[in-house]
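**Q** sequence first, then the predicted structure:
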Amino acid sequence: MLITSATHPQATVPEPSSAIRIETAETPVAADQGEPGSGIKVTLSPEGTAKASAEKDKNADIDASNLPDGIKKILKVIREIQEKIQKKMEELDAIRNDQSLSDKDRDAKTQGIMGELGVLTSQLSSSTNNLHRAENEMKLSTAQKKLSSYLSAPKN
């Protein structure tokens, strides 16, 4: 189902996922009025709220550290890449163990995943180098560098 805009009827927007519900006000409000309860309201479903909470919690240790915000940002990027690598490795294992695939199909899918893993590994290496460069530029203490190294280590 598509939603069309009243101001631009030819524009279509995909319907939001079931995790998010968007409600609009009955009457438009001038920007300078700012009345409560008007405009757009976004409500997360219980599943959406749980997912958002899990995303926040997985980096709670980084957020709670005494590291500079720039370092925290890089650490979160590193974790995201590590998670993507882990998911691709699981996908690769599933393909290798899928007996319904022919050898040719299995090889083709394996090569595709290996290519994606190569890109992710390169991104991880680049982000790690950026982390070390930032640590040196910000003149982090030895203790802060150790904490950064601990927080950037893969968590399996």
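**A** Structure received.
**Q** show me how the chain divides into domains.
**A** 2-55, 61-152 (automatic domain parsing).
**Q** buried deepest among the ones you listed, which one?
**A** Of the domains of the chain, the one with the most neighbours on average (mean count of other C-beta atoms under 10 Å) is domain 61-152, at a mean of 14. C-beta: built from backbone N, CA, C; applies to glycine.
**Q** now do that one: distance to the chain's middle.
**A** Computed by C-alpha atoms, centre = their mean, to the nearest Å, the chain-centroid distance of domain 61-152 equals 12 Å.
**Q** now that domain: average pLDDT?
**A** Per-region confidence: domain 61-152 scores 96 on mean pLDDT.
**Q** what about that domain, start to end distance?
**A** 11 Å (C-alpha to C-alpha, to the nearest Å).
**Q** and the gap between Arg79 and Asp103?
**A** 36 Å (C-beta to C-beta, to the nearest Å).
**Q** typo on my end, it should be Leu44
**A** 45 Å.
**Q** name the nearest residue to Ile74, sequence neighbours excluded.
**A** With sequence-adjacent residues excluded and distances taken as C-beta to C-beta, 6 or more residues apart in numbering, Ile74 is closest to Leu131, at 4.7 Å.
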